[in-house]
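[1] pasting the sequence and the predicted coordinates here, then a few questions.
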Amino acid sequence: MTQMAATHSLGWIGMGRMGYPMAERLLKAGHKVSIFNRTRAKAEPLAAKGGVIVDHPRDLAACDIVFTMVSTGKDLEQVYFGDNGLVAASSGSRPRILVDCSSIGIEQSEAIAAKLVRLGCEFVRAPVSGNGKCVKAGKLSSVVSGPKAAFEVIEPYLAKIAVSGVSYVGEGELARICKIAHNVFLGVVIQNLAEITILAQKAGVPRHAFLNFMNASVMGSTFTRYKSNALVNLDWTTTFTPPLLRKDLDLGLSAARQLDVAMPVTAATREALQAHVGAASLQPDPAGYLEKDFAALLETVALAAGLKLQPENVPMPTGLETEG
């Protein structure tokens, strides 16, 4: 039985592509949320929606529950333990429960959790599946691990953010393993989707026609539908970058070595992604190109097939249009 959601004060740290719409969902659900972001201007639009913008992470120390959505484990350590950090003060109040929605490594997460336990805080790992558009469309999901009692406290709030589902998988770092496995699958699917799309195109099938067929088939999915517009029209607006995907494939392969699990398809996908990173050197701005969306690896698959791609200028519904 989940606890009533109206009795806790909430804090939020991180206003990136994901953090902003996630915190916005809590505000829209009627919760008061105090917000810190390193670049204050990114958080300020939420003040008009009821958010209370603070100057430092430590200003959230009196909150009962604080969510974080940051880029790396180092960023998380900084906002927790750094100068003016959330729990850095040697005395005074600290949040009862810290909920991290970021995607960070297992060892980093374990080290952070050990520090927090010594400080009397409970640490819930709650990485999510989806991008900013998924958040807005109510199609985000979350996998959660950590103390079961703490999960039951934060579940009502998380359910307002991850509308598609919140899955509790156990204690400790198990949610991190699930998120790594999820992103390994993401890499394998986008690589193979690019390969078969180029195969069909080289045989003479327009990309939009082939992907319409795939999306209507039993093999179609939320993912293939919302990536189709990018693949058809070469729209590489960033949702997730190739270097970040490569990092997750490496984490998956590392876990596989530790657990004695053979993952030959993942290994092949990792090297295919590396080819995309190498091919970026042919671009006028290699570093900028690698900051574009990971779906751009379609161009590397096409290059290997002797094709030069052009946008087809056929709008493709993504399935994420429900809330604009």
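    Great, that's in hand.
[2] where in this structure is pLDDT low?
    Scanning the chain for pLDDT under 70 picks out the ranges 1-6, 321-324.
[3] show me the longest helix that occurs in the chain.
    helix 174-203 (DSSP state H).
[4] next secondary structure element downstream of it?
    Downstream of helix 174-203, the next assigned helix or strand under DSSP states H and E is helix 207-216.
[5] buried ones in that next one?
    When burial is assessed from 16 or more other C-beta atoms under 10 Å, helix 207-216 yields the following buried residues: 207, 208, 210, 211, 212, 214, 215. For every residue, glycine as well, the C-beta is placed using N, CA and C.
[6] what do you get for stretch 80-90?
    When burial is assessed from 16+ other C-beta under 10 Å, stretch 80-90 yields the following buried residues: 80, 81, 85, 86, 87, 88.
[7] please flag which of the residues you listed sit within helices.
    When DSSP H is applied, these are split such that 80, 81 fall in helices.
[8] as TSV, the buried residues of stretch 80-90 with distance to residue 236 would be great.
    Conversion of the buried residues of stretch 80-90 to TSV gives the following (distance: C-beta to C-beta, whole Å):
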residue	distance to residue 236
80	34
81	36
85	36
86	35
87	39
88	39
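[9] nearest to residue 200 among the buried residues of stretch 80-90?
    Minimum separation from residue 200 among the buried residues of stretch 80-90 (C-beta to C-beta) is found for residue 80, which lies at 48.3 Å.
[10] I figured that closest one hits residue 98, correct?
    Yes - under the contact definition of C-beta atoms under 8 Å, residue 80 touches residue 98, with a separation of 7.4 Å.
[11] so what sits against both of these two?
    Taking C-beta atoms under 8 Å, 6 or more residues apart in numbering as the criterion, residue 80 and residue 98 both touch 68, 86, 87, 116.
[12] among the residues you listed, which are in strands?
    Mapping the shared contacts of residue 80 and residue 98 onto strands (DSSP state E) picks out residue 68.
[13] closest to residue 312 among the shared contacts of residue 80 and residue 98?
    Taking C-beta to C-beta as the measure, residue 312 lies nearest residue 68 of the shared contacts of residue 80 and residue 98, at 40.1 Å.
[14] quick one, the longest helix of the chain and helix 207-216 angle?
    Counting by axes from the mean of the first three to the mean of the last three C-alpha atoms, to 10 degrees, helix 174-203 lies at 130 degrees to helix 207-216.
[15] name the helices or strands packed onto helix 174-203?
    Applying 3 or more C-beta pairs under 8 Å, 6 or more residues apart in numbering; DSSP states H and E, one finds that helix 174-203 makes contact with helix 106-118, strand 141-145, strand 165-170, helix 207-216, helix 222-233, helix 242-259, helix 264-279, helix 297-304.
[16] how about those in a markdown table, adding distance to residue 8?
    As requested, the helices and strands packed on helix 174-203 are arranged in a markdown table below (distance: least, C-beta to C-beta, whole Å):
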| stretch | distance to residue 8 |
| --- | --- |
| helix 106-118 | 18 |
| strand 141-145 | 17 |
| strand 165-170 | 16 |
| helix 207-216 | 41 |
| helix 222-233 | 31 |
| helix 242-259 | 32 |
| helix 264-279 | 40 |
| helix 297-304 | 42 |
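[17] wait, which of the ones you listed is closest to residue 35?
    strand 141-145 (19.5 Å).
[18] just how off-centre is the helix or strand just after that closest one within its chain?
    Sequence order places helix 148-161 as the next helix or strand after strand 141-145, per DSSP H and E. Distance of helix 148-161 from the chain centroid (C-alpha atoms, centre = their mean, to the nearest Å) equals 18 Å.
[19] residues in contact with residue 98?
    For residue 98, the contacting residues are 65, 66, 68, 80, 86, 87, 116, 121, 122, 123, 124, by C-beta under 8 Å, 6+ apart.
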